[in-house]
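Asker: give the three-dimensional model of this entry:
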Amino acid sequence: MNRYEHLARLLSFDDWANRELLGAVQACPDAAALRAFGHLLSTHMLWQDRLAHRPLSTPFWPEWNAPECAVRLDLVRTGWRNFLRGLDVAALDTTIRYVNTKGSYYTSTVGDVISHVLFHSAHHRGQVSAALRAAGFEPPTTDFIHAVRTGVLGAGGD
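Answerer: I've put the predicted structure just below:
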């Protein structure tokens, strides 16, 4: 498996894990969990905008309800699928310039941006899970190895 295939696989995992968590957020609409989940999704969208050299389409910390999060989750999935269609391994080393939410200019490679989004997403899934537990709700298991063991993702030889 090359780097492109690996990142595409991890984005598929991330989508599955976020969908699992959305179900929990819908069942237990805790405000802290919903806020962190909305931010997780908006960050995907912000980075997709940056990668496509578009104006940012969403606030950094949106105030979305659970149905709005469900719509955004579908947009995130479609956005990554469309973006990946135009990539190959070499494209992951392409450098992009962007402005962060504080107005600072940076450059990063496409591969590093995708990796960042994945780690950022995992971080906030942990926050959502902690908020759900604090509200008395047991969050779903969204571990990568769980997804592999249960057949959500096939064995990848990573």
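
Asker: which residue ranges of the protein form helices?
Answerer: 3-27, 31-51, 66-85, 110-134, 144-149 (DSSP state H).

Asker: keeping just the C-alphas, turn stretch 51-60 into CSV.
Answerer: Output of stretch 51-60 as CSV, limited to C-alpha atoms (Å, rounded to 0.1, in the frame of the first residue of the first chain):
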residue,chain,number,x,y,z
LEU,A,51,-6.7,22.7,-0.4
ALA,A,52,-9.1,23.9,-3.2
HIS,A,53,-8.0,27.5,-2.8
ARG,A,54,-11.5,28.6,-2.0
PRO,A,55,-12.7,31.1,0.6
LEU,A,56,-13.6,29.5,3.9
SER,A,57,-17.1,28.2,3.9
THR,A,58,-17.8,27.7,7.6
PRO,A,59,-17.0,29.2,11.0
PHE,A,60,-14.2,27.5,13.0
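
Asker: tell me how far residue 8 lies from residue 125.
Answerer: Residue 8 sits 19 Å away from residue 125, going by CB to CB, to the nearest Å. No exception for glycine: its C-beta is placed from N, CA and C like everyone else's.

Asker: comparing the two, which shows the higher neighbour count?
Answerer: residue 125 (22 against 17; other CB atoms under 10 Å).

Asker: you'd agree that one is up against residue 41?
Answerer: No: counting by CB atoms under 8 Å, residue 125 sits too far from residue 41 to count as a contact (11.1 Å).

Asker: thanks a lot, catch you later.
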